[in-house]
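Novice: coordinates only, sequence not included:
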């Protein structure tokens, strides 16, 4: 039906001889010929089969050719009509053409003229068929484009040369807040409103820049899209010209995506990398500083032991030793920050620890502190240095929340956590110490309370946002729990749960015991100052001490002693020896030589896993730097008295 070779033609005339004559004339032409003698018969035929061209007489009984044309154009709009008339009056021709006839022929019909008219109609059918094919292809292409554009994960907006929107996908709708139907024909600047995140200045229209330069352009960093509802979205995008087959610009296409979450992740990653770098630096500084402090504290400690308490220098040496201990606490915090290592726990009086920390943190601040404790308070199984850091962070925050002064109330009490309460507190059932610290500060808004333990979250202009994050990490390492409740204007309450042992612990009093003993001790340390100090401390207690600078020398010396039946009673090994064999590597070789060897690991990296789990590596004890004479001599005495 759509090509000349298959066109069907219906000849209508009330005179049978005319339809027969025309049929005979067209017999050799590639048409399917059907005939009818009156209008209604023609309509019936067209109701049963498809007719491409209708050739009808204008004057017929019952229904005229003009009426038939009118009916056909209404009921079969794709059929072309050719009118044939013996009268040839102008009015009839005009009326026929008005009704939609494609040609008007006079009787008698010249076969050549009829053939030309039919050929013209056939050409129209061919062109119409090609147009239909092209339209279908265009519609399919449009549908494919629409499906493709809507399947893209990025937002897409296309504009014409005037910058008005001609296309917009689903993601663009979501990001801009504009529906496609509302955005079409609107200027891009009305729908795609962008500003600089930092300066808040309006950004240059990317479409204008593309049309001006004819090149692909990208948005600058820190570009924010202001959505229709006023929300802000960080975006990254590019705009490019749309060109036709002649490379002429006919519009632009803008592709952009939401990078808000990506920017947050990148910022966090950058902070993490900086934190790691600072952590490595802090760890290195703390280790080196601990070595220096060991020399300072140790020699002050030795000097105090050489003079009487009533000597005028005794008080000054005591102050110097106390200041060194404070410095040691600072380095311990640096190590916790840098390594986040396992706590080295010991049974500790939590009341005494908090009392000392509060005195140190709040002195001179105008903030008072009241500390209450329950009856027969149990001992806390903690790393004193790490928990001191947690308490100090909380007290510092409370102090800053009360610039005009106030009171911090602290309650320490025993707490038994049962299986029934496990859903309330995310800790294992068992014995705990509960520490409740409340202040009278400005409080924290409800929406921010949940964020205070997030890394880098801070409400202070110069805060790092690490204090509470590190505190939570420390408590978690202790298998405890820390929580916070707060209301604006009513202060904040921090509650801490720490593992405990049902054994009261009193504050350790500075030991006055004169550690005296005998035995052969080897000290392995690459720092000559520390090695010499340890020798002096041990020899002042009656031990025979010798020092070496690395693991290789220590092993060689130990072998020689074994061969001469003068084995060393204890070997004190520095954990790490730069460029040499440290204690971590040397201990296995030492035990291979002598499985009964007694070794102590010592390090300025007090948070190193080897220090926390020294027995797993074969050591019998650990000694964190900096250390005093009593700590060293006490540990040596303890190990010397233990059975093999």
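Specialist: Nice, thanks for sending it over. Note that the structure is a prediction, hence the values are computed from the model and not measured.

Novice: From here on, just use CA atoms for contacts and neighbour counts.
Specialist: OK.

Novice: which element follows the helix or strand that contains residue 562 toward the C-terminus?
Specialist: Using DSSP states H and E, residue 562 sits within helix 551-563. Note on helix 551-563: by DSSP H and E, the next helix or strand toward the C-terminus is strand 570-574.

Novice: for the helix or strand just after that next one, packing partners?
Specialist: As assigned by DSSP H and E, the chain's next helix or strand after strand 570-574 is helix 583-593. Applying 3 or more Cα pairs under 8 Å, 6 or more residues apart in numbering; DSSP states H and E, one finds that helix 583-593 contacts helix 551-563, helix 614-617.

Novice: Show me the contact partners of helix 583-593.
Specialist: For helix 583-593, the surrounding residues in contact (Cα atoms under 8 Å, 6 or more residues apart in numbering) are 551-552, 555, 559, 573-577, 597, 599, 601, 610, 617-619.

Novice: ok so, going back, which of the residues in the helix holding residue 562 are buried?
Specialist: Residues of helix 551-563 classed as buried: 551, 552, 554, 555, 557, 558, 559 (neighbour count, 16 or more other Cα atoms under 10 Å).

Novice: for stretch 614-622, same thing?
Specialist: Buried, per 16+ other Cα under 10 Å, within stretch 614-622: 614, 618, 619, 620, 621, 622.

Novice: Skip the chain neighbours and tell me the closest residue to the third one.
Specialist: Same thing as residue 619. Distances taken as Cα to Cα, 6 or more residues apart in numbering place residue 599 nearest to residue 619, at 5.1 Å, with adjacent residues excluded.

Novice: And for the last one?
Specialist: Ranked by Cα to Cα, 6+ apart and with sequence neighbours excluded, the top spatial neighbour of residue 622 is residue 601, at 4.8 Å.

Novice: How about the secondary structure of the one you found?
Specialist: Residue 601 falls in the strand class when you classify it by DSSP: H, G, I helix; E, B strand; the rest coil.

Novice: same question, residue 137
Specialist: Using three-state DSSP, the structure places residue 137 in helix.

Novice: Likewise for the one 5 residues further on?
Specialist: Going by three-state DSSP, the secondary structure assigned to residue 142 is helix.

Novice: Report how many residues lie close to it.
Specialist: 12 (other Cα atoms under 10 Å).

Novice: Quick check: bridge partners of the residue nearest to residue 622?
Specialist: residue 573, residue 622 (DSSP bridges).

Novice: all helices for the stretch 151-300 of the chain, in order.
Specialist: Secondary structure of the stretch 151-300 of the chain (DSSP state H, counting those that start in this stretch): helices at 170-176, 180-183, 188-191, 206-213, 260-306.

Novice: what do you get for the stretch 401-550 of the chain?
Specialist: Using DSSP H, counting those that start in this stretch, helices in the stretch 401-550 of the chain cover 446-449, 467-477, 528-540.

Novice: nearest to residue 389, of those helices?
Specialist: Evaluated with Cα to Cα, the helices of the stretch 401-550 of the chain place helix 467-477 nearest to residue 389, the distance being 7.4 Å.

Novice: list the buried ones in the closest one?
Specialist: 467, 468, 469, 470, 471, 472, 473, 474, 475.

Novice: host element of the closest residue to the fifth one other than its chain neighbours?
Specialist: To tie it back to what came earlier, the one meant is residue 471. Nearest non-adjacent residue to residue 471, counting by Cα to Cα, 6+ apart: residue 390, 4.9 Å away. Residue 390 is part of helix 384-401 when elements are defined by DSSP H and E.

Novice: which regions of the stretch 301-450 of the chain sit below the pLDDT cut-off?
Specialist: 329-342, 419-424 (pLDDT under 70).

Novice: Tell me how many other residues surround the closest residue to residue 413 other than its chain neighbours.
Specialist: Spatial nearest neighbour of residue 413, excluding adjacent residues (Cα to Cα, 6+ apart): residue 374 at 4.7 Å. When neighbours are counted by other Cα under 10 Å, residue 374 registers 11.

Novice: Please apply the same query to residue 108.
Specialist: The burial count for residue 108: 10, using other Cα under 10 Å.

Novice: That one looks like it's in a strand, true?
Specialist: No - counting by three-state DSSP, one finds residue 108 to be coil, located in no strand.

Novice: Now do the contacts for it.
Specialist: With Cα under 8 Å, 6+ apart, residue 108 has these contacts: residue 86.

Novice: quick one: it from residue 21, how far?
Specialist: To residue 21, residue 108 is 11 Å away according to Cα to Cα, to the nearest Å.

Novice: Same question for residue 639.
Specialist: 133 Å.

Novice: Show me which of these two is the more surrounded one.
Specialist: Shown here are residue 639 and residue 21; by other Cα under 10 Å, residue 639 has more neighbours (18 against 12).

Novice: pLDDT value on the more buried one, please?
Specialist: What the model reports for residue 639 is a pLDDT of 91.

Novice: mind checking which helix or strand it is in?
Specialist: Taking DSSP H and E as the definition, residue 639 sits inside helix 629-641.

Novice: Against which helices or strands is that helix packed?
Specialist: Using 3+ Cα pairs under 8 Å, 6+ apart: helix 629-641 touches helix 260-306, helix 528-540, strand 621-624.

Novice: Residue 119: how many residues sit nearby?
Specialist: 13.

Novice: If you could redo that for residue 377, that was the one I meant.
Specialist: Counted by other Cα under 10 Å, the residues lying close to residue 377 total 22.

Novice: mind listing what it touches?
Specialist: 412, 413, 414, 503, 504, 505.

Novice: And for residue 328?
Specialist: 290, 293, 626.

Novice: Which member of those is positioned nearest residue 516?
Specialist: Checking the contacts of residue 328 one by one against residue 516 (Cα to Cα), the nearest turns out to be residue 626, at 21.4 Å.

Novice: Just give me the residue closest to the centre of the chain.
Specialist: Central residue of the chain (Cα atoms, centre = their mean): residue 265, 3.8 Å from the mean position.

Novice: Domains in this protein, by residue range?
Specialist: 4-131, 152-258, 350-504, 520-641 (automatic domain parsing).

Novice: Distance to residue 305 added to those domains, as a markdown table?
Specialist: Conversion of those to a markdown table gives the following (distance: least, Cα to Cα, whole Å):
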| stretch | distance to residue 305 |
| --- | --- |
| domain 4-131 | 109 |
| domain 152-258 | 62 |
| domain 350-504 | 25 |
| domain 520-641 | 9 |
